[in-house]
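# Test case, fold it:
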Amino acid sequence: MIKIGLVGYGYWGPNLARNFSLNPDFELAAVCDFSADRLARACRMHPQAQLFSSLEDFFKTDLDAVAIATPVASHHDLARRALESGRHVWIEKPMTETVAQAEDLVALAQKKQRVLLVDHTFVFTGAVRKIKELVDKGTLGRLIYYDSTRVNLGLFQQDVNVLWDLAPHDISIMDFLMPFKKLAVSATGCHYYGNGLVPKSLLTIYMEGDVVGHINVSWVSPVKIRQTLIGGTSRMILYDDTQPSEKIKVYDKGVDLDVASKDEVYHLKVQYRVGDMYAPKLDDHEALSLEARHFADCIQNGCEPLIGGRAGLEVVKVLVASEQSLKQRGAPVEL
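Residues are numbered from 1 along each chain as shown. This next block holds a predicted model:
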């Protein structure tokens with residue numbers, strides 16, 4: 001059994017603790033948090049776990065793995081400390097604040113031969129896994145674009161802007177489904193409320209093969225929208241995560257262009273293809289439970305995680321470049 005310790009029992013930590021406790025491959029051996037109220041809640045829910053308010057004492061315990069569910073500013077130091085002591089690491093998104101920090105953790109995990117998993121949970125949802133299956137089978141044809149909207153009212157974060165809070169979900173999904181080389185990013189947004197944080201942003205990611213990704217994220221929308229459009233030359237997909245059923249709809253729709261030569265570009269022959277729509281059946285297992293099972297399998301069998309350190313690094317590269325582009329009013333930043 002894998003003895004795992006959890007650092008951070010705030011917003012996401014209780015979900016991790018629950019899934020580790022329910023997984024027969026894990027023993028939730030320790031929980032660390034600086035808040036007495038949070039530790040009291042952890043005690044009620046997981047009385048078998050040792051409780052710590054001191055990191056020094058926490059890292060002295062007998063642990064095989066450490067899960068980190070703290071603000072991003074602390075991720076690098078905590079993960080490095082865990083890896084240096086020979087523990088496997090599960091780390092929340094985004095992986096780190098800087099590209100250099102992420103590269104350091106990837107190198108250290110490789111050196112120590114430890115598993116480093118970045119918690120991009122959406123990759124393990126039944127919807128995203130089904131889309132991946134369709135993409136790999138060639139159902140969509142050649143992929144053309146990824147267009148997502150993830151907006152709602154709140155929750156404002158104190159330490160990061162909306163890109164760092166919400167965009168990692170969509171960047172990680174896009175990378176998983178469309179692993180093309182990214183060439184440049186462009187991001188726009190404004191400090192509407194004068195607090196220095198950007199609550200709404202539009203991100204464009206340019207990829208090889210003329211593939212483009214558009215990601216719209218916001219904390220200031222009157223409605224909650226979680227929609228992604230994925231376009232291919234043969235089929236198109238609408239993924240709506242707010243739907244209780246039929247989260248994925250596959251459309252036999254598209255456009256066929258016939259251009260005889262460059263000289264005839266203004267005489268396009270356009271054919272619109274309108275066919276059937278179907279909603280495939282999805283696996284309804286909890287994504288976090290599957291991810292915990294995957295983490296255990298990687299530890300026990302020495303496998304590379306589906307969303308390991310390198311995947312987390314790619315997301316951080318996009319976030320850092322988008323931050324630079326924001327400061328330049330959307331000027332593209334090469335990756």
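# what comes up buried for the longest helix anywhere in the chain?
In the chain, taking DSSP state H as the definition, the longest helix is helix 309-327. For helix 309-327, the neighbour count (16 or more other Cβ atoms under 10 Å) marks 309-323, 325-326 as buried. All C-beta spots, glycine's among them, are computed from the backbone N, C-alpha and C.
# So which residues make contact with the helix or strand immediately after it in the chain?
Moving toward the C-terminus from helix 309-327, the next helix or strand (DSSP states H and E) is strand 333-334. The contact list for strand 333-334, computed with Cβ atoms under 8 Å, 6 or more residues apart in numbering, reads L183, A184, V185, S186, A321, S322, Q324, S325.
# how about the strands in the stretch 201-335 of the chain?
Ranges of strands within the stretch 201-335 of the chain are 211-218, 220-232, 236-240, 248-258, 269-278, 333-334, based on DSSP state E, counting those that start in this stretch.
# I figured A69 was touching G5, is that so?
No. In this structure A69 lies outside contact range of G5 using Cβ atoms under 8 Å: 11.3 Å.
# of those two, who's got more company?
Legend: neighbour count by other Cβ atoms under 10 Å for A69 and G5, higher for G5 (26 against 23).
# Direction included, what does the helix or strand that contains the more buried one pair up with?
Using DSSP H and E, G5 sits in strand 2-7. Note on strand 2-7: by DSSP bridges, its sheet partners are strand 26-32 (parallel), strand 65-68 (parallel).
# which of the ones you listed sits most buried?
Highest mean neighbour count among the strands paired with strand 2-7 (mean count of other Cβ atoms under 10 Å): strand 65-68, with a mean of 26.
# any chance of the strands of the stretch 201-335 of the chain in TSV, with mean neighbour count, mean pLDDT and distance to C43 too?
Listed next are the strands of the stretch 201-335 of the chain as TSV, based on neighbours: other Cβ atoms under 10 Å; pLDDT from 0 to 100; distance: least, Cβ to Cβ, whole Å:
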stretch	mean neighbour count	mean pLDDT	distance to C43
strand 211-218	21	98	36
strand 220-232	16	97	33
strand 236-240	19	98	39
strand 248-258	15	88	41
strand 269-278	10	86	49
strand 333-334	14	98	47
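# out of those strands, nearest to N152?
Nearest of the strands of the stretch 201-335 of the chain to N152, taken as Cβ to Cβ: strand 220-232 at 4.2 Å.
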